[in-house]
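Asks: no sequence on this one, just coordinates:
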């Protein structure tokens, strides 16, 4: 049984800003002195490297970024692996993969962020690329809210907001959905990690720059997000009935 506060950071599609928000939250909460457990849905090891760096200053124990891959590890191991990684932490932040409901091709919700969020009984924060839209954002969010009633979307973070007026229009539109806006991040070219092919440049190849990038992400998220509201949402997650995975038992060693 684990009662670790937890959030899943998801998005309607890739490129919406999940990594920006998730890594920024990990770093910002760590800078507050919280012991943050970082996780990534799927096999992506590059994002996990940034997550490890983002939480390096939080608490006495260094927490590595951990993957939660239902396709390769099996769905039954998701909660035990999470409980193992988050043991003793004040907060766990799980970055999703692709769009919220995207999973293994042709296999329904298998390995999707939505499936992992349901297994972890974790509230979802939906990161929406708000550029080039205003009231339409409500239709987009409404669709994600209603698609699977077992997925609890607890809040929205608006990304790539153009101005105060743009933010005002977006917030007004989302009042119709009844989901709280827990952040509004302005467009910024100075806070995103550099892309290479389909991923990010690994931390080991640019450690100093990566450290500066995580600090910039923390500042960006701290300035635009309601950290207290997000922490309250994380603390609303119910207890998770799962025994922590044990490496010694798993490999048969002492």
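Replies: Thanks, I have it. All values derive from a computational prediction rather than experimental measurement.

Asks: check which residues of stretch 143-152 are buried.
Replies: Buried residues in stretch 143-152, defined by neighbour count with 16 or more other C-beta atoms under 10 Å: 144-145, 148, 151-152. Quick note: C-beta positions are derived from backbone N, CA and C, even for glycine.

Asks: which of the residues you listed sit farthest apart?
Replies: By the measure C-beta to C-beta, 144 and 152 form the most distant pair in the buried residues of stretch 143-152, at 11.5 Å.

Asks: now do the helices in the stretch 101-250 of the chain.
Replies: Ranges of helices within the stretch 101-250 of the chain are 113-120, 136-147, 164-174, 207-224, 227-235, 247-251, based on DSSP state H, counting those that start in this stretch.

Asks: quick one: which of those helices is nearest residue 82?
Replies: The nearest among the helices of the stretch 101-250 of the chain, by C-beta to C-beta, is helix 113-120 at 5.7 Å.

Asks: list the contacts of stretch 223-242.
Replies: Stretch 223-242 is contacted from outside by 1-7, 21, 24-25, 28-29, 32, 79-80, 82-83, 91-92, 120-123, 125, 154-155, 157, 180, 182-186, 221, using C-beta atoms under 8 Å, 6 or more residues apart in numbering.

Asks: state the mean pLDDT of it.
Replies: The pLDDT scores in stretch 223-242 average 97.

Asks: show me which positions of it end up buried.
Replies: For stretch 223-242, by 16+ other C-beta under 10 Å, it's 224-226, 230-231, 233-234, 237, 240, 242.
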